[in-house]
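# Quick one, fold the following:
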Amino acid sequence: MGDALREEFNRWATSGRAATLEAHHRPLVEQMLPLMQVRPRDRILEIGCGEGWACRLLADIAAEGLVVGLDVSDEMIRNARARSAAHENLLLVWGDTEQIPWQENYFTHILSVESFYYIEDPERALQEVHRVLEPGGSVWILNHLSKENELSMRWIPELDLPVQLFSAEEYAELFARCGFTDFSHRMIPDRTPETRTIYSVLKTPEERHLFRERGALLLSARKPPE
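Residues are numbered from 1 along each chain as shown. Model prediction:
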């Protein structure tokens, strides 16, 4: 488990920074969810779940199934559990995406929202995602920070952790090496309300408009059916 990641995201949890992420990311996730075609009995894993807001959305949709949230930060998981007590079909686990603590061939869907680029060994993480997905299951990765939206990369100097960014073409190669098929990508427009904090590195109204229209990179792929 990456100690630097754990320590940094524990700081986010204890400082209250993590609590602001839903407002930033939920409009993007709400555009992604219909594409996932979640069914009531699905079994879903979110990697990098933070304080669990997206897990709670999914638990309401997959009301007869199971949602598991996994995060490297024990403080994030502690906060997520406190906020999720009403959801009986939601389990929150402290662990590492590079060694997912779950049986193979289990989940119907796996998603990552604004967290995959923090993973130290993304190929190892995708191998683990492939292992725990059921045959025919799908993976969904949503990155607002992406090479496809060059303006987003202005935030990198503001981050206290290294990030690993790939182009959509590089992601396609990575998914293929890890055994996935049916790779696709698209851009999801940013419909988050403008705030001074979010857009502080964008200097003009034209930059803000272009950033929002380019939006976030959504990647998806499938584990081949048996």
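# longest strand anywhere in the chain?
Longest strand of the chain, by residue count under DSSP state E: strand 133-143.
# And for that strand, what's in contact with it?
Here strand 133-143 makes contact (C-beta atoms under 8 Å, 6 or more residues apart in numbering) with 25, 28-29, 32, 35-36, 43, 105-114, 116-117, 126, 129, 165, 171, 180, 188, 216-226. All C-beta spots, glycine's among them, are computed from the backbone N, C-alpha and C.
# what comes up buried for that strand?
L133, E134, G137, S138, V139, W140, I141, L142, N143 (16 or more other C-beta atoms under 10 Å).
# Stretch 156-164 too?
Applying 16+ other C-beta under 10 Å to stretch 156-164 flags no residue as buried.
# just checking, E75 touches R17?
No - using C-beta atoms under 8 Å, E75 is not in contact with R17, being 11.3 Å away.
# now Q164, what's its secondary structure?
Under the three-state scheme (DSSP: H, G, I helix; E, B strand; the rest coil), Q164 adopts coil.
# Could you double-check that it sits in contact with E123?
No - under the criterion of C-beta under 8 Å, Q164 makes no contact with E123, lying 10.1 Å away.
# Would you verify that D182 is located in a strand?
Yes - counting by three-state DSSP, D182 is located in a strand.
# tell me the contacts of Q127?
C178, G179 are the contacts of Q127 under C-beta under 8 Å, 6+ apart.
# Need the pLDDT of it.
Listed pLDDT for Q127 reads 98.
# If you count surrounding residues, which of E75 and R17 has more?
E75 (20 against 11; other C-beta atoms under 10 Å).
# which one is the more buried one nearest to, not counting chain neighbours?
Take E75 and drop its neighbours on the chain: the residue closest to it by C-beta to C-beta, 6 or more residues apart in numbering is A13, 3.7 Å away.
# Surely the one you found and D71 touch.
No - counting by C-beta under 8 Å, A13 does not reach D71; the two are 9.2 Å apart.
# Just give the nearest non-adjacent residue to L5, would you?
V72 (4.9 Å).
# my bad, should have said E148
Nearest non-adjacent residue to E148 (C-beta to C-beta, 6+ apart): L217, at 4.8 Å.
# Keeping just the C-alphas, turn the host helix or strand of R26 into PDB.
Assigned by DSSP states H and E, R26 belongs to helix 21-36. In PDB, the C-alpha atoms belonging to helix 21-36 read as follows (Å, rounded to 0.1, in the frame of the first residue of the first chain):
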ATOM      1  CA  LEU A  21     -15.400  16.500  -4.000                       C
ATOM      2  CA  GLU A  22     -19.000  15.500  -4.500                       C
ATOM      3  CA  ALA A  23     -20.000  19.000  -5.700                       C
ATOM      4  CA  HIS A  24     -17.100  19.000  -8.200                       C
ATOM      5  CA  HIS A  25     -17.600  15.500  -9.600                       C
ATOM      6  CA  ARG A  26     -21.200  14.500  -9.200                       C
ATOM      7  CA  PRO A  27     -22.400  16.300 -12.400                       C
ATOM      8  CA  LEU A  28     -19.900  14.200 -14.400                       C
ATOM      9  CA  VAL A  29     -20.900  11.000 -12.600                       C
ATOM     10  CA  GLU A  30     -24.500  11.600 -13.300                       C
ATOM     11  CA  GLN A  31     -23.800  11.700 -17.000                       C
ATOM     12  CA  MET A  32     -21.800   8.500 -16.700                       C
ATOM     13  CA  LEU A  33     -24.300   6.400 -14.800                       C
ATOM     14  CA  PRO A  34     -26.800   5.800 -17.600                       C
ATOM     15  CA  LEU A  35     -24.000   4.600 -19.800                       C
ATOM     16  CA  MET A  36     -23.100   1.900 -17.200                       C
END
